[in-house]
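Enquirer: sequence first, then the predicted structure:
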Amino acid sequence: MKNLNRLLFLSMVMTCLSPMAQTKEIAWKSHSGAMRHFNPKQDGDLGLFIPPLTLVSVEKVNDTTFIQTFNNNFMEPQISVDTIYYDSFWMKPKSELDTLVPLYFPGVILEGFDEKPSDSKPILKKTTNQTPL
């Protein structure tokens, strides 16, 4: 019984001290902190909150391809560009986008959406091959 109490006490002490055994750098990496924001002199909060990117502009390349530009002004200004294909939201007509974009993405600049839809020829043509009887 005496040995069991010692074992329980020792395991409780080791459990309490184990969080302090981790270095700041390892804790930062294991909790998905970006290394460019790591500061060893700073109090460790196990990760830095980085807000999500905000959509700045959308450029319409053609009827199915769009280029989105994002910005992050938290610590360092970061601009990232993403190309998307066949997105059902951005493929809507201009009249629908004029009402939906200010609701979901206020302040977004739309480029290339003023154009009229391209007059593309249909792939399959209707043929009228009627043979006289």
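Expert: Everything's here; your move. Numbering: from 1, shown residues only.
Enquirer: C-alpha only now, for contacts and for neighbours.
Expert: OK.
Enquirer: according to the record, where do the domains of the chain fall?
Expert: 2-37, 54-111 (automatic domain parsing).
Enquirer: tell me where the longest helix sits in this protein.
Expert: Ranked by residue count under DSSP state H, the longest helix found in the chain is helix 2-17.
Enquirer: check which residues of that helix are buried.
Expert: Buried residues in helix 2-17, defined by neighbour count with 16 or more other CA atoms under 10 Å: none.
Enquirer: and residue 73, how many neighbours does it have?
Expert: 13 (other CA atoms under 10 Å).
Enquirer: repeat for the one 5 residues further on
Expert: The burial count assigned to residue 78 is 11, neighbours taken as other CA under 10 Å.
Enquirer: what's the neighbour count on the closest residue to it other than its chain neighbours?
Expert: Leaving aside its chain neighbours, residue 78 sits nearest to residue 72 (5.1 Å; criterion: CA to CA, 6 or more residues apart in numbering). By other CA under 10 Å, 17 other residues sit near residue 72.
Enquirer: can you tell me how far residue 72 is from residue 58?
Expert: As judged by CA to CA, to the nearest Å, residue 72 and residue 58 stand 16 Å apart.
Enquirer: adjacent strands (with direction) for the host helix or strand of residue 56?
Expert: Per DSSP states H and E, residue 56 falls inside strand 54-60. Strands that pair with strand 54-60, judged by DSSP bridges, come out as strand 65-72 (antiparallel), strand 109-111 (parallel).
Enquirer: dump those strands to JSON lines, plus mean pLDDT and distance to residue 80.
Expert: Shown next, in JSON lines, are the strands paired with strand 54-60 (pLDDT from 0 to 100; distance: least, CA to CA, whole Å):
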{"stretch": "strand 65-72", "mean pLDDT": "89", "distance to residue 80": "5"}
{"stretch": "strand 109-111", "mean pLDDT": "90", "distance to residue 80": "15"}
